[in-house]
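Novice: missing the sequence, but the structure's below:
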């Protein structure tokens, strides 16, 4: 029992490491636009994003955490080896995509890892079909909704400001970008950190450490928010460059439209308990802003490479986590 408890504590620590890497890897989601438009210097931008990442738990319920805990795989399949294997797959993918500067979804890396480990242990029956349909829909809908909202916002604010001078528009939207970046960071912290909360909570519940009723203790909430906030504070600059500069050229008005469109998408998804990808969402929003100027303003070659990373995320992490589970299973035997 003592050895098992020690391993559970170790897996919880690995989960918090993943949450740190999630914040580090996905820092670009929160700060790329505000850095590329030069509204804030990089070190101030990450501090701004990290603060709002941390306080996100004050504004949202735990619907996403409950979806991850109980709606993706059968809770009876969950054990420390399954969770550890899922985290290994997700961490592997985060490190690989960070190294190559490719924006990918830490959320879907975690879900793919969980699926791969669960199937390795219990077969396809371990998965909950309805949960994966939800996640599959979010993969498609979150960037599309981000694109549409940012596109409409960009057209709307451009129409409103058409009689203003470019200098006045820039000055006004530099201030508004502070608000939109804060809102997006709230949405990022509210949706992304909850996935790790759900993983830790279901691990402890399956081990009988949460009593008879499933819930997410406050210490898990605070630990996950803090880990994500610290990760964002360190920032992943390789991906910031891709998100903020390589997809399309942004000005403060475009940064505001992209962040606001992305924030609305995340707020809606978190309220509905949908574990969407913040990376997919902001990439769709940035692309939507670029498409308003002209279709050729978007570097579609860069966007295509990002989409390929999205397509490969779940199968790649599922494979790595499944392999990890088999190695761990054989080692324990």
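Specialist: Right, received. Where do you want to start? Everything numeric here is computed off the predicted structure, so don't read it as measured data. Numbering: from 1, shown residues only.
Novice: and residue 319, what pLDDT?
Specialist: Each residue has a pLDDT score; the one for residue 319 is 95.
Novice: What is the neighbour count of it?
Specialist: For residue 319, the neighbour count with other CB atoms under 10 Å is 15. Heads up, the C-betas are built off the backbone N, CA and C, glycines and all.
Novice: can you check residue 213 too?
Specialist: 6.
Novice: Three-state assignment for it, please.
Specialist: coil (DSSP: H, G, I helix; E, B strand; the rest coil).
Novice: Helices of the stretch 1-150 of the chain, residue ranges please.
Specialist: 2-25, 27-36, 42-54, 63-70, 80-99, 106-122, 129-160 (DSSP state H, counting those that start in this stretch).
Novice: out of these, nearest to residue 229?
Specialist: helix 42-54 (3.7 Å; CB to CB).
Novice: Next, the residues that contact the closest one from outside, please.
Specialist: Helix 42-54 is contacted from outside by 23, 27, 30-31, 34-35, 39-40, 178, 181-183, 185-186, 188-189, 193, 225-226, 228-230, 232-235, 237, 240, using CB atoms under 8 Å, 6 or more residues apart in numbering.
Novice: buried ones in it?
Specialist: Within helix 42-54, the residues scored as buried using 16 or more other CB atoms under 10 Å are 45-54.
Novice: again, but for stretch 159-170
Specialist: Within stretch 159-170, the residues scored as buried using 16+ other CB under 10 Å are 169-170.
Novice: Quick check: mean pLDDT of it?
Specialist: 86.
Novice: now that stretch, how far from the centre of its chain.
Specialist: 33 Å (CA atoms, centre = their mean, to the nearest Å).
Novice: That one spans what distance, first to last residue?
Specialist: 15 Å (CA to CA, to the nearest Å).
Novice: repeat for stretch 62-80
Specialist: 22 Å.
Novice: Show me how to select, in ChimeraX, the buried members of the contacts of helix 42-54.
Specialist: A single ChimeraX command is used to select the members of these judged buried by 16+ other CB under 10 Å:
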select :23,27,30,31,34,35,39,40,178,181,182,183,185,186,188,189,193,225,226,228,229,230,232,233,235,237,240
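Novice: picking that back up, take the helices of the stretch 1-150 of the chain and lay them out in JSON lines including distance to residue 260.
Specialist: Shown next, in JSON lines, are the helices of the stretch 1-150 of the chain (distance: least, CB to CB, whole Å):
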{"stretch": "helix 2-25", "distance to residue 260": "22"}
{"stretch": "helix 27-36", "distance to residue 260": "10"}
{"stretch": "helix 42-54", "distance to residue 260": "14"}
{"stretch": "helix 63-70", "distance to residue 260": "21"}
{"stretch": "helix 80-99", "distance to residue 260": "26"}
{"stretch": "helix 106-122", "distance to residue 260": "21"}
{"stretch": "helix 129-160", "distance to residue 260": "6"}
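Novice: so which of these comes closest to residue 269?
Specialist: From these, taking CB to CB, the stretch that ends up closest is helix 129-160, at 6.5 Å.
Novice: buried residues in that closest one?
Specialist: 131-132, 134-135, 138-139, 141-143, 145-147, 149-151, 153-154, 157.
Novice: Name the member of the buried residues of helix 42-54 with the shortest distance to residue 105.
Specialist: Using CB to CB, the buried residues of helix 42-54 come closest to residue 105 at residue 53, 16.6 Å.
Novice: Report the contact partners of residue 217.
Specialist: 201, 210.
Novice: Any chance you could list what contacts stretch 271-279?
Specialist: 26, 28-29, 60-61, 63-64, 66-68, 103-108, 111, 134-135, 137-139, 141-143, 187-188, 191-192, 194-195, 262, 265-266, 269, 310.
Novice: mean confidence score for that stretch?
Specialist: The model assigns stretch 271-279 a mean pLDDT of 82.
Novice: can you check stretch 324-333 too?
Specialist: 82.
Novice: before we move on, what about stretch 184-197?
Specialist: 85.
Novice: Number the residues from 59 up from this point.
Specialist: Yep, numbering from 59; the last one is stretch 242-255 now.
Novice: Just give me how far that stretch sits from the chain centre.
Specialist: 7 Å.
Novice: swap in stretch 198-213?
Specialist: 17 Å.
Novice: what's the answer for stretch 171-179, then?
Specialist: 20 Å.
Novice: Show me what that stretch is in contact with.
Specialist: Applying CB under 8 Å, 6+ apart, the set of residues contacting stretch 171-179 is 126, 130-132, 135-137, 139-141, 143-148, 151, 184-185, 190, 257, 372, 375-380, 382-384, 387.
Novice: One more: stretch 147-155?
Specialist: With CB under 8 Å, 6+ apart as the criterion, stretch 147-155 contacts 72, 75-76, 79-80, 83, 161-162, 164, 167-168, 170-171, 174-175, 297, 367, 371, 374-380, 382.
Novice: Those, buried ones only, as a PyMOL selection?
Specialist: For the buried members of those, the matching PyMOL selection, counting by 16+ other CB under 10 Å, is:
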select buried, resi 72+76+79+80+83+161+162+164+167+168+170+171+174+175+297+367+371+374+375+376+378+379+380+382
